[in-house]
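Engineer: Let's see this in three dimensions:
(chains A, B and C)
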Amino acid sequence: MSSRIFAVLQSVICAMLLLVVLCASTPSHAIPAFARKYGMPCSACHEAWPKLNNFGQTFKDNGYQLMNDRDAPIWQNPAYWPITFRITPNWHRESTNKVGVDTAAGPNAVEQSIASHGFDFSGLDFHTGGTLYKNISFYVLPSSNQYGAFHFETVMARLDNLLGSSWLNLKLGKFELDNIISEKRILTISNNGGFYRLYHFAPVGDSNAFGAIGDNQLGLEVMGHSKNDRDRYSVAVLSSNDGQPGLPAGNSYSTFLTASHAFEAGKLGVQRVGAYAFLGEAPTYFLTSNGATIPGSGLGSKSFNREGIFGLFYVKALDFSVFFQHGSDDAHFGTNTPANQPLPTGARAPSWNGAFVETHYTANPQLIFIERSEFVRVATQALPGTPSNLGNIDAHTVGVRWYPIMSSRAGFAWHNEFSWVRQRGVAPVSGTDLSSNSVMTGFDFDF
Amino acid sequence: MSIKQTSMVAALLMACPALMFGAGTVKGKVTFTGTPVKQKPIDMSKEPSCAKQYPTPPTTQTIVTGEGDTLENVVVYISAGAPDETTAPTQAVTFEQKGCRYMPHVLAMRVNQELKVVNSDQTSHNIHPLAKVNREWNKSQPPGTPPLSEKFDKEEFISVKCNVHPWMRGYFAVLKTSHYDVSKDNGSFALPNLPPGKYTLTAWHEDYGTQTADVMIAGSETKNVNFAFKAKAF
Amino acid sequence: MRTKIFQGMFVAIGVAFLAAASLCGAQEMESHIGSLTGHSNDGTKLYKRYCFYCHGQYGDGAGENAAWIEPKPRDFTAATFKCRSTTTGFLPTDEDLYKSIARGFSNSNMPPWAPLSNQNRADLVAYIKTFSPRWKTEKPAEVLVVPSEPPVNIESISHGHELFEKLECWKCHGQEGRGDGPSASTLTDSKDQPIRPYNFAGGANDSRFKCGSENADIYKIFMTGVDGTPMPSFGDVIKPNDAWDLVHFLRTLQVNRKSKENEVLKAAGGKLLPEKPAPPAPEAPAAPDAKAPGSR
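Structural biologist: So this is what the prediction gives:
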């Protein structure tokens, strides 16, 4: 019993840490550096920044090029330096219904609802990207958490239009996986609503830190698309280091594959459907020296997979981003068992299914309403006897972003959001359902 | 000029029954005060076939003056008081490109009147009226090609240029009235055959702008109206 | 219990979104491209999203960004358009505009808008037509018929070169088509902005013309003229077959581009055939009697 509680506690702490990291960075690639270079307003490339529209997606897929002979940096004023920062001062309120609280009876003796609120600000992103030359592009994104500790969220260079074909582009570095529904361009940014649960999901007690399709990964990507981007594919080979530099894990690799096709549905707009798969293996234990882990010595690699379909559906000003996922981890991950140790009796590969639908109503290029509902259901728990609904997630978010300015120089949004999430059976003391919510209003700006 | 007068008479006969009660004439002179900008010699060295036609380089024609401070190339026309005349004369007006210059420098015509553009040079010109109200077209006319035939369907003063020979600049005055004249080298103009009435006369110059004057014609009389433009210093 | 209330709330908000989405208005201008019909009312938002920053709220080419870019954005209030299949001075067809939006203008800031849906582009064409009353008052212009292309051979290319000389294309474009002819430096567009003649020799294998990359597009460019620029129409002075010969010669000026024309020229040892007849005397009318298609 106590080990069960310990495992739950561990995963809650992990989840919280993950939240902190995510919220600190939520980097997006909404970048007035491009707008300044080409003199276009944000709305040309973004449905509502940072979310891309078809034109912006094509621009990105062309290697940050409009393909009109003005893409090489030689066309820019020599003083032009493609850099943009983004930060969001805000007021927010975070509420959790069950937090373990110490009393005279002992540590974590009771659960209590806690709400905290006040003025705050986000981490800071420095986006720099563009072309080094015609058909050679780059993107570097130093990103800080709100305490000013920086890491490199993106570092990549790309050879575009190899052999004169838009079907062959080669990218090397640390980059966002080719998710058309980009978490880096998410329109909700609160602590609870600022990420897609399915892009980071792992069952309770699962130790696989390598299967997050929402994390930027280190690797090599071959990507191609039709001229107008209606058809696109990408294949990436990634180091199973979850994007961490310095080869901390080991010598294993994973791969991310995706393809999508878009078609026109008359007056409704351009519809897109696609599929993806993230397949890989990653170490389950390390050699140690004097008890300390030796970095890069990962052993006992076990496999994991995430796959599913997605769609972007437009009904004029209304659009729906739909995402499905089936995921599974090896039983060793699922039970946090190193591969050189026996699995607990009856251990199985955990698996889950999930989906989200994000609805946008773009009233005009300066006003967008967002609603998202996300559900994750564990299909197979790693250990028999675990409650079947443990770790299941229901999450809902609504938001509205208003952009008072339309400019090629800077972006500004008054962001408002409410987000609520419930996870089954993970309350720290009682093991009952845990729910939390975020309220946020802030000025999200970049320049 | 006789062609123009004939056509004007024809138009008047159709449009103005008032003619029966006698017709007046407005005559006058266009002059300037002050010192006009000196016209610059044109360097035609890039077009030898034209340059060789001039013993000394010709000058620009923005301000063309005569003895006694008279001003040439001023379009004088009835801008108010006379009905719009919609029927265009059948006779065409001709605009000639000769020696890499436009003859005449300012050509007045009626709305929808046929305009013939002639290239008498041994080089290609492109005739490019920079119309704003009318259609802006631009046609090449190599040497030896037959005259171009065009017309403009709205009233407008249109600057005309040849992009190949940037010094070539002329004007089309497209007018709704048949009562117009372009001042001669002595600055004189005459608008004959005006039925009795109260008119507004407008004088237009490509650089000096416009001036207006009101005139009353009672019968078969000749009224004198003079215009004096102030020369721009630069 | 609270959960239920929350979920109910989200559903209600979702329904509200859907209700707000059903907005429609009256139609002002239409465009017709094949079976597509564009509506200016639908184009309003699109124009605001994609176009107004350069072309301006009033379509006059005076958007906030216009000051920073060269060449200047098109002024739709003048309704003068470069890439047309219609006679010089006439309005382009809806399809001309539709294609221009998708193609973009390679030597300007205007990118290819092909990622937009066909309907979006048709709506934008309809909206652009609201900026000038000419679209309501003028009749549709005659569309240039491009006859089928004769075979490329050295005779055709050589004759094209003679035309290039005779029509004095080189005055602006230069003898080698490098955009460096004697008049090149003096050229201005209809808004008195300096403008460069097209440099055929520049650009790599993928070099494009302003109005398209096909041979028929080149044919159209000089037969209809590039309105608003110094490039005149030769529709009255070049016969269709002569026009194709000129197209073939112009392709050979694109020295870095792989083309049938360059292959033929290379096979002929890089030499053009000597001019057959003596150059026509200036007095003798060398022009065609029959008017070329597209002329009036």
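
Engineer: from here on, contacts and neighbour counts on C-alpha atoms
Structural biologist: Will do.

Engineer: ok, now which ones touch residue B:134?
Structural biologist: Contact analysis of residue B:134 by CA atoms under 8 Å, 6 or more residues apart in numbering or on different chains lists B:152-154, B:156.

Engineer: can you pick the most crowded of these?
Structural biologist: The most crowded member of these is residue B:152, carrying 23 neighbours; neighbours defined as other CA atoms under 10 Å in any protein chain shown.

Engineer: what secondary structure does it sit in?
Structural biologist: Three-state call for residue B:152 (DSSP: H, G, I helix; E, B strand; the rest coil): coil.

Engineer: where does the chain have low pLDDT?
Structural biologist: Looking at chain A here, since you left the chain open. Across chain A, residues meeting the criterion (pLDDT under 70) sit at A:1-31.

Engineer: looking at chain B here, not the other one
Structural biologist: In chain B (pLDDT under 70), the answer is B:1-22, B:234.

Engineer: ok, so of the contacts of residue B:134, who is nearest chain A?
Structural biologist: residue B:156 (35.9 Å; CA to the nearest CA).

Engineer: Spatially nearest residue to the closest one (excluding sequence neighbours)?
Structural biologist: Of all residues not flanking residue B:156 in the chain, residue B:174 sits nearest, at 5.2 Å (CA to CA, 6 or more residues apart in numbering or on different chains).

Engineer: What is the burial count for the one you found?
Structural biologist: 22.

Engineer: Now the helix or strand hosting it - C-alpha only, PDB.
Structural biologist: Per DSSP states H and E, residue B:174 falls inside strand B:169-175. The C-alpha coordinates for strand B:169-175 follow below in PDB (Å, rounded to 0.1, in the frame of the first residue of the first chain):
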ATOM      1  CA  ARG B 169       7.100  64.500 -73.000                       C
ATOM      2  CA  GLY B 170       3.800  65.800 -74.400                       C
ATOM      3  CA  TYR B 171       0.200  66.300 -73.400                       C
ATOM      4  CA  PHE B 172      -3.200  65.300 -74.500                       C
ATOM      5  CA  ALA B 173      -6.100  67.600 -73.500                       C
ATOM      6  CA  VAL B 174      -9.200  65.500 -73.900                       C
ATOM      7  CA  LEU B 175     -12.200  67.800 -73.700                       C
END
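
Engineer: Over to residue C:67. Which of the three states is it?
Structural biologist: Secondary structure assignment for residue C:67 (three-state DSSP): helix.

Engineer: Tell me how many other residues surround it.
Structural biologist: Residues lying near residue C:67 (other CA under 10 Å) number 14.

Engineer: now do residue A:438
Structural biologist: 23.

Engineer: Over to residue C:220?
Structural biologist: 27.

Engineer: Quick check: pLDDT value at it.
Structural biologist: Note on residue C:220: pLDDT of 95.

Engineer: What helix or strand is it located in?
Structural biologist: With DSSP H and E as criterion, residue C:220 is part of helix C:215-224.

Engineer: ok so, going back, wait, isn't the residue nearest to residue B:156 in contact with residue B:106?
Structural biologist: No - taking CA atoms under 8 Å as the definition, residue B:174 is not a contact partner of residue B:106, at 10.7 Å.

Engineer: helix, strand or coil for residue C:158?
Structural biologist: Classification of residue C:158 by three-state DSSP places it in helix.

Engineer: Need the distance between the two termini of stretch C:211-220.
Structural biologist: 9 Å (CA to CA, to the nearest Å).

Engineer: Revised request: answer the last question for stretch A:237-247.
Structural biologist: 15 Å.

Engineer: Would you indicate which residues of that stretch are buried?
Structural biologist: A:237-244, A:247 (16 or more other CA atoms under 10 Å in any protein chain shown).

Engineer: Can you tell me which of the residues you listed is nearest chain C?
Structural biologist: residue A:237 (28.1 Å).

Engineer: what helices or strands is the host helix or strand of that closest one leaning on?
Structural biologist: Assigned by DSSP H and E, residue A:237 belongs to strand A:231-239. Applying 3 or more CA pairs under 8 Å, 6 or more residues apart in numbering or on different chains; DSSP states H and E, we find strand A:231-239 packed against strand A:217-225, strand A:253-264.

Engineer: Which is the succeeding secondary structure element to the last one?
Structural biologist: In the C-terminal direction, the helix or strand that comes right after strand A:253-264 (DSSP H and E) is strand A:270-282.

Engineer: Strand A:231-239 and that next one, what's the angle between them?
Structural biologist: If you take axes from the mean of the first three to the mean of the last three CA atoms, to 10 degrees, strand A:270-282 sits at 20 degrees to strand A:231-239.

Engineer: now the residue in chain B that chain A sits nearest to, what's its secondary structure?
Structural biologist: Nearest to chain A, among the residues of chain B, is residue B:163, at 26.3 Å (CA to the nearest CA). Recorded secondary structure, residue B:163: coil (three-state DSSP).

Engineer: quick one: contacts for it?
Structural biologist: B:125-128, C:183, C:187-188, C:230.

Engineer: picking up where we left off before, can you say which of the helices and strands packed on strand A:231-239 is packed in most?
Structural biologist: Ranked by mean neighbour count, these are led by strand A:217-225 with a mean of 23 (mean count of other CA atoms under 10 Å in any protein chain shown).

Engineer: ok, and does that strand reach over to chain C?
Structural biologist: No - Strand A:217-225 does not reach chain C (CA under 8 Å from any CA of the partner chain); its nearest approach is 11.6 Å.
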